[in-house]
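**Q** Build me a model:
(one chain, ligands or ions: 2)
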Amino acid sequence: MTRIVIIGGGPAGYEAALVAAQLGAEVTVVEASGAGGACVLSDCVPSKTFIASSDVVTGYRNTESRGVYSGGPAAVRVDAEIVHARVRSLALAQSADIHAKLVKAGVEVVTGTARLGDDTLGHTHRVVVTPEQGRPYHLDAGTVLLATGATPRVLASAVPDGERILDWRQLYDLTALPARLVVVGSGVTGAEFASAYLAMGVEVTLVSSRDRVMPHEDADAAMAIERVFRERGMTILNNSRADSVVRDGDGVRVTLADGRVVTGSHALIAVGSTPNTAGLGLAEYGVALTPGGHVAADRVSRTNVPGVYAAGDCTGVLPLASVAAMQGRIAMWHALGEAVQPLRLRTVAANVFTDPELATVGVSQNEVNAGTVPARAVMLPLDGNARAKMADLTDGFVKLFCRPATGQIIGGVVVAPKASELILPITLAVENGLTVDQLAHTITIYPSVSGSITEAARQLMQHVTE
Ligand SMILES: Cc1cc2nc3c(=O)[nH]c(=O)nc-3n(C[C@H](O)[C@H](O)[C@H](O)COP(=O)(O)OP(=O)(O)OC[C@H]3O[C@@H](n4cnc5c(N)ncnc54)[C@H](O)[C@@H]3O)c2cc1C
Ligand SMILES: NC(=O)c1ccc[n+]([C@@H]2O[C@H](COP(=O)([O-])OP(=O)(O)OC[C@H]3O[C@@H](n4cnc5c(N)ncnc54)[C@H](O)[C@@H]3O)[C@@H](O)[C@H]2O)c1
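**A** Ligands and ions are numbered 1, 2, ... in the order given. Now for the predicted structure:
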């Protein structure tokens, strides 16, 4: 039987383990903190659970315009301890579910850490396991998967203390919501937390090093969300790099590169992540890293060392749970001799869980503007949509890209509440090469926000016949 050792039990590791077990391999997952990894225990799942509570408060916005006197968000009281307890308990429950699933599939799950040891017989890899309890031992395996994830990046001049200066994994230890939160970093993580805390009534200042929030996202979408943030009272400091964040009595002082000082009760440092590659014995083993320090892996998750694969955030390919899981599965299909399609990033849908949400798939506006992808585009504001009007949704849009000659749909952007659910028809279209004609002929529910997607396709269809 083929022996496989997987280091790290996040989406990359546990999804790989399930595939390998299904294919009859003898699989061991060594995970330091718990099944599901950082994704389930400290990053994706906790943040989305936290946002689910902030969404409740958002539901109380502008109710009067619809004839409902709720008192608005200001009348709502958020109990941070209950919110945080719920975040923790859902994360632990999800981790337990994954653990049970792995065990049921016949996977051995070891709590502890692992690293590459000595390359024994050329085709066998030795992994040194240090269990949480007991003495270190080694496992010999034909295939090893590195799925060790990443850790919040720490700036030397803004080191989290777990009390006032926090990374996103420490937020749930607070016993009350921050009074005045300074969020340093306006990438996806910073924007999501800034949005959630703002909704919960926290005074939020967002320190953004670039000229707009979420610089890697569609500019129209990011600017629409930035506008909403500002309208709702968030202070956004663009082109502002934090030089240092220090404790100042019961608060924090954030000094910006241009000398300005921002104060708050707490600071959230959200300046990206660093891959977990230290202590794995990679250099000794000859596993190549990228210039950014990630494990270099190809589209079937191979590293440069035969039999050693890598998947997920430690590879830095596209740090999403969905991509990590697919990289892990692909690694096992490849290692165990199954027919396998190399990873394709073109059809990966992604969503930013701000309010409103921002979902994207396929080609980007930047590629279209730069002329690298020829495309026609249409952008339809939601304020013309009947269902959106009924719900008083004024912010948001649907954008669709198609090939100029054939009308084949190659990408899209949705800014709307629950954009994460609305992006699916566009993703299906991109994945299956559907045309705007095909989408336009699809009958949608009336009235529905998804009607704007088929309407956008109809507008592009008219262009085709012009
Ligand atoms: C705040 C936040 C929110 C996010 N939200 C989303 C989202 O909504 N949707 C989405 O798709 N993605 C989201 N992501 C990204 C997603 O969390 C990551 O892409 C995903 O966790 C990557 O999975 P992974 O398996 O590579 O690593 P991880 O989930 O990081 O798991 C790796 C595990 O390996 C363990 N490990 C490390 N070294 C060793 C060792 N030597 N021995 C044993 N174990 C080890 C670590 O303890 C860790 O538990 C979010 C990220 C952040 C930071
Ligand atoms: N909803 C989701 O799917 C979700 C949520 C969170 C994260 N993620 C994944 O994680 C990835 C990383 O996102 P992230 O936001 O954690 O990191 P990031 O690297 O994308 O963003 C960090 C931001 O901080 C800024 N920054 C760095 N130093 C700074 C300083 N001194 N002062 C001010 N700003 C500074 C950077 O310029 C950057 O814009 C995303 O690309 C995404 O793939 C996904």
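**Q** switch to C-alpha atoms for all contacts and neighbour counts from now on
**A** OK.
**Q** can you give me phi and psi for R247?
**A** Backbone torsions of R247, given as degrees, to the nearest 10, read phi -70, psi 140.
**Q** Was I right to think it contacts E163?
**A** No: counting by Cα atoms under 8 Å, R247 does not reach E163; the two are 9.5 Å apart.
**Q** Which one's more surrounded, these two?
**A** Between R247 and E163, counted using other Cα atoms under 10 Å, R247 has the larger neighbour count: 20 against 15.
**Q** list the contacts for that one?
**A** Applying Cα atoms under 8 Å, 6 or more residues apart in numbering to R247 gives the contacts R164, I165, R253.
**Q** from those, which ones fall inside strands?
**A** The strands, defined by DSSP state E, take in I165, R253 from the contacts of R247.
**Q** Nearest to D243 among the contacts of R247?
**A** Of all those, D243 sits closest to R253, with 10.6 Å by Cα to Cα.
**Q** how close does that closest one get to S244?
**A** 8 Å (Cα to Cα, to the nearest Å).
**Q** So between those two, which is more surrounded?
**A** Applying other Cα under 10 Å to R253 and S244 shows that R253 carries more neighbours, namely 20 against 16.
**Q** What residues does the more buried one make contact with?
**A** Applying Cα under 8 Å, 6+ apart to R253 gives the contacts V245, V246, R247, V261, V262, T263, G264.
**Q** Most neighbours among those residues, please name it.
**A** Neighbour counts for those, by other Cα under 10 Å, peak at V245, which reaches 27 neighbours.
**Q** List the neighbouring strands of the host helix or strand of it plus their orientation.
**A** Element membership for V245, per DSSP states H and E: strand 242-248. Here strand 242-248 has these sheet partners by DSSP bridges: strand 251-256 (antiparallel).
**Q** Past the strand it pairs with, which element shows up next along the chain?
**A** Using DSSP H and E, the helix or strand that follows strand 251-256 in sequence is strand 261-264.
**Q** Name the strands paired with whichever helix or strand comes after that following strand and say parallel or antiparallel.
**A** Sequence order places strand 266-269 as the next helix or strand after strand 261-264, per DSSP H and E. Neighbouring strands of strand 266-269 in its sheet, by DSSP bridges, are strand 165-166 (parallel), strand 180-184 (parallel).
**Q** can you put the ones you listed in TSV and add distance to ligand 2 and mean pLDDT?
**A** As requested, the strands paired with strand 266-269 are exported to TSV (distance: least, Cα to the nearest ligand atom, whole Å; pLDDT from 0 to 100):
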stretch	distance to ligand 2	mean pLDDT
strand 165-166	14	98
strand 180-184	5	98
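**Q** returning to that earlier point: output the contacts of R247 in CSV; the columns should cover distance to T49.
**A** Converted to CSV, the contacts of R247 look like this (distance: Cα to Cα, whole Å):
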residue, distance to T49
R164, 22
I165, 22
R253, 29
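**Q** so which of the contacts of R247 also contact ligand 1?
**A** When the contacts of R247 are checked against ligand 1 using Cα under 6 Å from any ligand atom, none falls in range.
**Q** just the strands in the stretch 251-400 of the chain please.
**A** Taking DSSP state E, counting those that start in this stretch, the strands of the stretch 251-400 of the chain run over residues 251-256, 261-264, 266-269, 273-275, 308-310, 350-352, 357-362, 376-381, 397-402.
**Q** Dump those strands to a markdown table, plus mean pLDDT.
**A** Output for those, formatted as a markdown table (pLDDT from 0 to 100):
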| stretch | mean pLDDT |
| --- | --- |
| strand 251-256 | 98 |
| strand 261-264 | 98 |
| strand 266-269 | 98 |
| strand 273-275 | 98 |
| strand 308-310 | 98 |
| strand 350-352 | 98 |
| strand 357-362 | 98 |
| strand 376-381 | 97 |
| strand 397-402 | 98 |
